[in-house]
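> next come a sequence and a model predicted from it.
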Amino acid sequence: MMEKRPLVWLSAANSKTYARKELETSWNLIDFNLGNPVSLLAAASNGARVGVLEFPRLSNEDFPPPESWLETLGLRYWVAIAPQRPICGSRMARLITHYCSDFHTLPVDYKRINTVLGHLWGMATILEPADISAHDSYQRLALRGSSQSIQQARSLLRRFAATSEPVLITGESSTGKEAAAKFIHSQSARAAGPLVTINCAALPTTLTQSELFGYEKGAFTHALSARPGRLEQANGGTLVFAGINELKLEQQSVILRFLQEGHIERVGGNAQIPIDCRIITTTNQPLPELIALGGFRSDVYYRLGGLEVKLPALKDRLEDIPALAQAMLNAASSGAKPKRLTKGAIQSLVNHSWPGNFRELQNCLQQGWLLSDESTLEASDLGLANPGLTLKASTHLNLKEFRARADRQALLCSLRMANYNMSEAARLLNISRVSLYRLMNKYTPSTSTQNTRQGTDQKGDLP
């Protein structure tokens, strides 16, 4: 028998509709009551892709606002059930047109709504990558939450997705900029097209033109065949310049002409190739400040920064941490019974300043999950520098010190997870083996490297 697919049912009261009872036979319903909401993030780790938004039988429109919960869940498709056809311009009509792909009025035809939900589930499956890594799942969670700051950011991302204009995503390192770029692409008219990401920090200056524009056969030594560039690969879809603040001035000059004219020429060729792709850029440094310092071209900035959204740092959305942390633990359990956070552990998480943002939170929770043999995680299991450190007290440490602590914690955690297999530890950190050894030389004294295995269960070895 085929396993039931999860279906989120969001209503303003205890639903007793006939359609709901019928759908229980073919769907695994996940109930959320708007009048008494609970944490919605658990549904994210249940693989839910579609949901039903049920409006109450009220003559007026005095029902709990569902916007924050719709945004928090972040499902791809919603279907609305309304007591009657909504009046144009009413609150109900605005909610349905903004968030829902279809709507039904009471009494609901069960077979019809079941067919619609099945179709939307299939569409969501096609648009979703077949294999989602742990890194991607954590990235997705970075955009979840009910705090005002992340809700505002999500609202802007949805609005920007409906256009074809370039978008600039700013924010501190590891605040979810990669997830935001993927979200814009997936919600845009180009979702069926390619999504190509260029890591600007890893783009050599001498290879910029060939990497971006491609080259013809014989253009240079070892050019044994023609090769399309990254821009050409993104034709019809979206191109992401990740960390565009890392580009040198001469590299910025290379992309400027494409931004102005919309076509390219391969290295060694003379044919103009028109390119139709959406440009998204990310940066962890404010570009206007770099322009003032002479490190970034203003003409490039004005062509890329027409629409800008800033993602909040984790310290600016502390109210989201309890639900986010539990969702991350659920994802880390990989089918096993998830562990729970004690009140003391939650308090230590909320009190921490999170200079490493989501990457630091991910490392902290993975360490706790791996090292604790209990069904709950205590504050001492999380390996924070000082579990009782408050934001006020943390201001005495500078950013360099915080980053060093986060790097060392990530190193030790990855080594434990990989059972000290260097290749696997490097893969978990998404870095090369050479970079891993550099980190080990920097944060693990050479005289004690061989003894590190023997002390892996001692929490005192963490910063």
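That came through fine. The structure presented is a predicted model; accordingly, all values stated were derived computationally and were not measured. Numbers count the residues shown, from 1 in each chain.

> going along the chain, name the helices of the stretch 201-350 of the chain.
Secondary structure of the stretch 201-350 of the chain by DSSP state H, counting those that start in this stretch: the helices cover 208-213, 230-233, 249-261, 287-292, 298-304, 321-332, 343-351.

> ranking the ones you listed by mean pLDDT, which is last?
In terms of average pLDDT, helix 321-332 trails the rest of those, at a mean of 81.

> could I get the CA-only coordinates of that one as PDB?
Provided in PDB are the C-alpha atoms of helix 321-332 (Å, rounded to 0.1, in the frame of the first residue of the first chain):
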ATOM      1  CA  ILE A 321      15.300  30.100  17.300                       C
ATOM      2  CA  PRO A 322      13.300  27.600  19.400                       C
ATOM      3  CA  ALA A 323      11.200  26.500  16.400                       C
ATOM      4  CA  LEU A 324      14.100  26.600  14.000                       C
ATOM      5  CA  ALA A 325      16.400  24.600  16.300                       C
ATOM      6  CA  GLN A 326      13.800  21.900  16.800                       C
ATOM      7  CA  ALA A 327      13.200  21.700  13.000                       C
ATOM      8  CA  MET A 328      16.900  21.300  12.500                       C
ATOM      9  CA  LEU A 329      17.100  18.500  15.000                       C
ATOM     10  CA  ASN A 330      14.200  16.800  13.300                       C
ATOM     11  CA  ALA A 331      16.000  17.000  10.000                       C
ATOM     12  CA  ALA A 332      19.200  15.700  11.600                       C
END
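
> so what does it touch, helix or strand wise?
Identification of packing neighbours for helix 321-332 by 3 or more CB pairs under 8 Å, 6 or more residues apart in numbering; DSSP states H and E yields helix 134-141, strand 340-341, helix 343-351, helix 357-371. For glycine as for every other residue, the C-beta is placed from the backbone atoms N, C-alpha and C.

> for those, give me JSON lines that also has mean neighbour count and distance to residue 406.
What follows is those, written out as JSON lines (neighbours: other CB atoms under 10 Å; distance: least, CB to CB, whole Å):
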{"stretch": "helix 134-141", "mean neighbour count": "19", "distance to residue 406": "15"}
{"stretch": "strand 340-341", "mean neighbour count": "18", "distance to residue 406": "20"}
{"stretch": "helix 343-351", "mean neighbour count": "18", "distance to residue 406": "14"}
{"stretch": "helix 357-371", "mean neighbour count": "23", "distance to residue 406": "5"}
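
> among the ones you listed, which is nearest residue 95?
helix 134-141 (23.4 Å; CB to CB).

> following the chain onward from the closest one, which element is next?
Per DSSP states H and E, the first helix or strand lying C-terminal to helix 134-141 is helix 148-161.

> which secondary structure elements does that next one contact?
Using 3+ CB pairs under 8 Å, 6+ apart: helix 148-161 touches helix 67-73, helix 177-186, strand 307-310.

> so in that sheet, which strands flank whichever helix or strand comes after the longest one, and in what orientation?
So that's helix 177-186. Next along the chain after helix 177-186, taking DSSP H and E as the criterion, comes strand 195-199. Its sheet considered, strand 195-199 pairs with strand 238-242 (parallel) by DSSP bridges.

> re earlier: closest one to residue 246 among the helices and strands packed on helix 321-332?
helix 357-371 (17.8 Å).

> and whichever helix or strand comes after that closest one, what's its mean pLDDT?
Per DSSP H and E, helix 357-371 leads on to strand 376-377 as the next helix or strand towards the C-terminus. Average pLDDT, strand 376-377: 85.

> ok, now which ones touch residue 143?
74, 150, 153, 154, 157, 176, 179, 180, 183 (CB atoms under 8 Å, 6 or more residues apart in numbering).

> distance check, the last one against residue 211.
If I follow you right, that is residue 183. Distance, residue 183 to residue 211, using CB to CB, to the nearest Å: 26 Å.

> kindly report the same for the fourth one.
As judged by CB to CB, residue 154 and residue 211 stand 32 Å apart.

> the more surrounded of these two?
Taking other CB atoms under 10 Å, residue 154 and residue 211 do not tie; residue 154 has more neighbours (22 against 19).

> which pLDDT does the model give residue 34?
Per-residue confidence (pLDDT) for residue 34: 64.

> likewise residue 400?
On the pLDDT scale, residue 400 gets 65.

> got it, and residue 155?
For residue 155, the model assigns a pLDDT of 87.

> off-centre distance for the helix or strand where residue 168 lies?
Here residue 168, judged by DSSP H and E, is contained in strand 167-170. With CA atoms, centre = their mean, to the nearest Å as the basis, strand 167-170 stands 14 Å off its chain's centre.

> if we can go back for a sec, and the helices and strands packed on helix 321-332, which one averages the lowest pLDDT?
Looking at the helices and strands packed on helix 321-332, the weakest mean confidence is helix 134-141, a mean of 60.

> what about residue 27, neighbour count?
Based on other CB under 10 Å, the number of other residues close to residue 27 is 21.

> state the distance from it to residue 101.
For residue 27 relative to residue 101 (CB to CB), the value is 17 Å.

> what does residue 299 give?
For residue 299, the distance to residue 101 - CB to CB - is 40 Å.

> for the strand holding residue 168, what is the average pLDDT?
96.

> and that strand, what does it pack onto?
Right, strand 167-170 is packed against helix 177-186, strand 278-283, strand 307-310 by 3+ CB pairs under 8 Å, 6+ apart.

> partner strands of that strand, with direction?
Assessed with DSSP bridges, strand 167-170 is paired to strand 278-283 (parallel), strand 307-310 (parallel).

> could you tell me the angle between the first one and helix 148-161?
Using axes from the mean of the first three to the mean of the last three CA atoms, to 10 degrees, the interaxial angle of strand 278-283 with respect to helix 148-161 works out to 150 degrees.

> what average pLDDT does strand 278-283 get?
Here the average pLDDT along strand 278-283 is 95.

> burial of residue 204, as a residue count?
9.

> tell me the phi and psi of it?
Main-chain dihedrals, residue 204, degrees, to the nearest 10: phi -60, psi 140.

> list the contacts of it.
residue 211.

> and for residue 112?
residue 104.

> the chain should start at 764 in everything you say after this.
Shifting the count to begin at 764 puts that one at residue 875.

> gap between it and residue 1076?
Following CB to CB, the distance that separates residue 875 from residue 1076 is 45 Å.

> ok, residue 1091 next?
Residue 1091 is 17 Å from residue 1076, by CB to CB.

> so between the two, which is more surrounded?
Comparing residue 1091 with residue 1076 by other CB under 10 Å, the one with more neighbours is residue 1091, at 24 against 18.

> identify the residue spatially nearest to the more buried one, adjacent ones excluded.
Excluding its sequence neighbours, the residue lying closest to residue 1091 (CB to CB, 6 or more residues apart in numbering) is residue 1128, at 4.9 Å.

> again with residue 1174
That would be residue 1202: by CB to CB, 6+ apart, it lies 4.9 Å from residue 1174.

> which secondary structure elements does whichever strand or helix holds that neighbour contact?
Element membership of residue 1202 [criterion: DSSP H and E] is helix 1196-1206. Packing partners of helix 1196-1206 (3+ CB pairs under 8 Å, 6+ apart): helix 1162-1180, helix 1185-1192.
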